[in-house]
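**Q** Fold the following.
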Amino acid sequence: MMIYEKINTFLMSMLPIGELRLSIPMAHKLGLDWFDAFIFSVFGNSVITIILLFIIHYYQIKRIKFFISKIPVIGFVFQKWVNSSIKKSEKIEKWGYLGLLLFVGLPLPVTGAWTAVLIAVLLDLKAMKSFFAITCGLIISGSIVTIITVYLPQILGY
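**A** Alright, predicted model coming up:
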């Protein structure tokens with residue numbers, strides 16, 4: 001039944017580094033079929049998105065920055081993430097929710113749900129609309145990653 005691989009894929013897609021861009025190829029490598037890899041990755045990435053949106057909206061970014069700044073290494077990484085997100089939010093601001101969807105939909109480094117959540121908060125976008133935009137972007141990104149994961153090895157002759 002491969003329940004361990006499914007749970008592993010679900011949890012791996014929640015991590016801020018890699019997200020579903022990493023969990024889909026890893027799940028496929030572990031033996032999950034492409035559909036299960038896609039579903040569990042998108043679902044896991046969506047779950048962490050809704051959790052992050054409501055935590056950051058509820059506690060507000062200023063309180064989180066203050067708390068995390070007290071933890072040396074994590075504070076440094078968090079501050080870099082915030083600064084990077086601020087720069088990206090300037091480009092996305094005029095597009096709003098569609099901008100979030102397109103930002104997440106391109107499976108490039110640092111264009112995942114975690115950064116999109118922070119951008120949504122920085123732009124003061126509504127949590128549920130942001131969640132739906134980010135999730136649609138995850139479906140697009142997950143589809144692209146799945147197609148590349150399944151077909152690129154065949155094209156290259158592996």
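
**Q** Tell me where the protein has helices.
**A** 3-12, 19-29, 34-69, 72-92, 96-105, 113-122, 127-156 (DSSP state H).

**Q** Skipping its backbone neighbours, what lies nearest the residue positioned nearest the centre of the chain in space?
**A** With distances taken as CA atoms, centre = their mean, residue 113 lies nearest the centre of the chain, 2.7 Å away. Nearest residue to residue 113, sequence neighbours excluded (CB to CB, 6 or more residues apart in numbering): residue 49, at 4.5 Å. All C-beta spots, glycine's among them, are computed from the backbone N, C-alpha and C.

**Q** Enumerate every residue touching the one you found.
**A** 113, 116-117, 131, 134-135, 138 (CB atoms under 8 Å, 6 or more residues apart in numbering).

**Q** if we can go back for a sec, deepest of the helices of the chain, which one?
**A** When these are scored by mean count of other CB atoms under 10 Å, the highest mean neighbour count falls to helix 113-122 (a mean of 25).

**Q** now the angle between helix 127-156 and that one, please.
**A** Per axes from the mean of the first three to the mean of the last three CA atoms, to 10 degrees, the angle that helix 113-122 makes with helix 127-156 is 150 degrees.

**Q** and helix 113-122, average pLDDT?
**A** What helix 113-122 shows for mean pLDDT is 87.

**Q** Now do it against helix 96-105: the angle between them, please.
**A** 160 degrees.

**Q** which helices and strands sit right next to helix 113-122?
**A** Here helix 113-122 is seen to pack against helix 34-69, helix 72-92, helix 96-105, helix 127-156 when contacts are counted using 3 or more CB pairs under 8 Å, 6 or more residues apart in numbering; DSSP states H and E.

**Q** need the contact list for the residue nearest to the centre of the chain.
**A** Counting by CB under 8 Å, 6+ apart, residue 113 has contacts 19, 45-46, 48-49, 52, 104, 134, 137-138.

**Q** before we move on, back to that, which of the helices and strands packed on helix 113-122 comes out lowest on mean pLDDT?
**A** Among the helices and strands packed on helix 113-122, helix 72-92 scores lowest, at a mean of 67.

**Q** mind checking how far residue 57 is from residue 152?
**A** Using CB to CB, to the nearest Å, residue 57 is found at 38 Å from residue 152.
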